Every structure is written in C-alpha cells, then in structure tokens.
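Asks: curious how this folds, go ahead:
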Amino acid sequence: MLFLTDGYKGEAHVRADHIGYYNLGMVGYDNGYFPSDYVGSFETEILSSNKVRIKQGVGLIGGRRFAIDSYEDVTIENGATGEKRIDVIYFVHTQADDGKESIALEVVKGTPTSGTPSYTDSGSSGPIPNIAQKYYATAFLVYLEGVNITKVEMSPTFRNLRSIRNVYEYAVYYVNDFKKSIESLKQSASDLKSLVDGAVKSWDPVLYSCESNGVNDTEYYAGGYAVRKATRKIIAKRCFLDIWLTINALGNIGTGERIMRIRSAASADIPTSGAGIYSAAIGYVSGMVQSGQRITASVAPGSQYISLFLNEGFLKAKDITSDFQIRLSLSYDMQ
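Replies: Have a look, this model is predicted:
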C-alpha cells in the first residue's frame, strides 16, 4: 500500500514505524542522544549511595525520538563492603499487544566481585520491530565500590547523534581542513620536486667581517672580487654549496680582530640551516698572512652564513691579504 506521511488526509494516517524508519534513514542506526545547549544531553548526578539522577535531554532509540523534559531518578540496589559492581541503565521501549508504545528506564544489576568488575551489554540494535516486545538501548554504566556509587558514565554504544546542522558544520570544517592539507601537500610536492631533482642554482657569495660572533654585528665587506662564483643544490632537505671566491681589495673588512664569514648577496639564496650534521671541505686557500695554516668552515644551526676558522679559533681580518682566495664545498641539513 502506498502511504503519504507528510500530508493532510483528514484522518489518522501517520504511523510510528514509518516515522522510525525516516529517523533512522536521516540519523543512522545508532541509539543515542542529540547534543543540545538548550535542553542538555542526559547529564547525570549521583544523589546518594543508591540513587542516580538523569537530567534533561533528547534522544533516539530504534528510530523513536524521546525526551526527558526535567529529570528522572533511578534507584540502584545497594552495594556491599568489599565488593565492586557495574550496573547498566537502559532506556526501554515497550510495544504492547494493542500496539501502544511507551518508554521507561530500567536497571540491570551487575555481578559483584572483589576484583575488576565487568558488565554485559544486552542492548538492542537496528529499528524497533513492529511487534509486541521490549527494545533495550544501553544508556548508562553505574560503577559501585563497596556501598558507594563512584561514577556514572554514558555507555559507549549510546552515541552522540549530531544534528544535521552539526554534521554540516563538521563537514565544512573538515572540508576546509582537507583543502588546507591539499595545499600543504601541493607545496610539499613542489618542494619535494626541487629536492629530488637537485636543481643547481647559481648565487653570488660575499666575504665580510663582523665584530664578534653575534648575529646583529655590523658587517664590513671586501672591496672587490677577481672571482665570485657559487652554486647551490638541494637534495632531500640537505643543502650542498660549492664556493669559489677571490678578492682583489680588502675594502673596509679591516686588518684587526674582526672575524670572517661568507654569505650570499641575496639572503634567500642560502637556506637556513637546521640542527643536523654539516660537513665542509676546503679545496684551496691562498692570500694568507702566514702560510701553512689550517682553514676550516662550518654553518651554525639557524644561520644563513658560513663561518671560517683558523686552527682552533676564528679566521680574522688580520689573517688575510688583499688577494685572499678560497674554494670550499659545504653541505648541511636545512631547517
């Protein structure tokens, strides 16, 4: 037989089982509650050692909507000293022989134990059948230790049935979050491409001195260059630098205790170093005030410059001449 539910017929024609199926079709087959800032979500309160209060809320069991508009008090059988127990509170839908339906709260006592208590979930699932019987929705777990109720928890099978608005808001949130993730993946893919193919980029190195090893020291630069070449290659988040630099004038580098560094004329050319391991190899050095000394290089974590060292200390302006030349290769993990 064909039924029109949402329409006027001039006679009783709306059936509870049809409404139940509609509800299940929109919400799903879980039993649970609808979160609400207005009427609550079946919060519980322990009133005494044998009484629990269930407060306002609206829910769905087997497709039937129901509500508590004030509160319902449930009596729990007293506990015993030295015993632990978990009782289960059910929302129970009953359909009588004449087809009339009702809902009530029932408590099923758990098995007392001196060890770790457990409970049996005897709840029903799916739609309420259109026959005379009881349908149990597992709602709350009551924990007893000795003669006291220690806590009341909502059953994990009595779920949060988010409203259509909630679902929409969550969907919008996760879609936007997904879009951000996609953009991040695109950027990562772009970065990965540049990392994997190891494209070589040329850049201009500069030699300069600073007062101390601080990051905000005033920088003094070489006066000119006979050779100034450098390349950068990035592979798997590691930066590889190859530098050849020959000056032809000291400029305002000075001749004193100022320490020597190399960086790029454009700061973006040298990626910021991470905390990983670096390696450096000096291929050739000339133009030293005193020959035969050991020159090394390093890049400090979080920096975009190369520090130069002489023996156990920094290479200083007083150590080089106006035709200073250095070739070095260096690699480090990027930030």
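Asks: now the spatially closest residue to Tyr170 that is not a sequence neighbour: which helix or strand?
Replies: Residue nearest to Tyr170 in three dimensions, not counting chain neighbours: Arg162, with 6.8 Å by Cβ to Cβ, 6 or more residues apart in numbering. (Each C-beta comes from the backbone N, C-alpha and C, glycine too.) Taking DSSP states H and E as the definition, Arg162 sits outside all helices and strands.
Asks: enumerate every residue touching Arg162.
Replies: Arg162 makes contacts with Phe34, Pro35, Tyr170, as judged by Cβ atoms under 8 Å, 6 or more residues apart in numbering.
Asks: quick one: residues contacting Ser114.
Replies: Contacts of Ser114 by Cβ under 8 Å, 6+ apart are Gly82, Glu83, Lys84.
Asks: and the gap between it and Val142?
Replies: The gap separating Ser114 from Val142 is 18 Å, by Cβ to Cβ, to the nearest Å.
Asks: and which of the contacts of Ser114 is nearest to Ala16?
Replies: Set against Ala16, the nearest of the contacts of Ser114 by Cβ to Cβ is Lys84 (40.6 Å).
Asks: contacts for stretch 245-253, please.
Replies: Under the contact criterion Cβ under 8 Å, 6+ apart, stretch 245-253 has outside partners 205, 207-209, 220-230, 260, 262, 287, 317, 320-327.
Asks: mind checking pLDDT for the closest residue to Asn23 other than its chain neighbours?
Replies: Nearest residue to Asn23, sequence neighbours excluded (Cβ to Cβ, 6+ apart): Gly63, at 4.7 Å. Gly63 carries a pLDDT score of 89 in this model.
Asks: need the next SSE after whichever helix or strand Ser181 is part of, C-terminal direction.
Replies: Take DSSP H and E as the rule and Ser181 turns out to sit in helix 164-197. Downstream of helix 164-197, the next assigned helix or strand under DSSP H and E is strand 200-202.
Asks: quick check: what element follows the helix or strand Tyr136 falls within along the chain?
Replies: Here Tyr136 sits within strand 134-145, counting by DSSP H and E. Going down the chain from strand 134-145, the next helix or strand is strand 148-154, by DSSP H and E.
Asks: give me the sheet partners of that following strand and which way each runs.
Replies: strand 134-145 (antiparallel) (DSSP bridges).
Asks: give me the number of residues near the residue nearest to Glu83 when sequence neighbours are not counted?
Replies: Using Cβ to Cβ, 6+ apart and skipping the chain neighbours, the partner closest in space to Glu83 is Pro112 (4.1 Å). Applying other Cβ atoms under 10 Å, we find 15 residues neighbouring Pro112.
Asks: quick check: pLDDT value at Pro112.
Replies: Here, the pLDDT recorded for Pro112 equals 96.
Asks: give the contact list for it.
Replies: Residues near Pro112 by Cβ under 8 Å, 6+ apart: Gly79, Ala80, Glu83, Lys84, Arg85.
Asks: likewise Gln293?
Replies: Gln293 makes contact with Leu310, Asn311, Asp319, according to Cβ under 8 Å, 6+ apart.
Asks: which among those count as buried?
Replies: Buried residues within the contacts of Gln293, counting neighbours by 16 or more other Cβ atoms under 10 Å: Leu310, Asp319.
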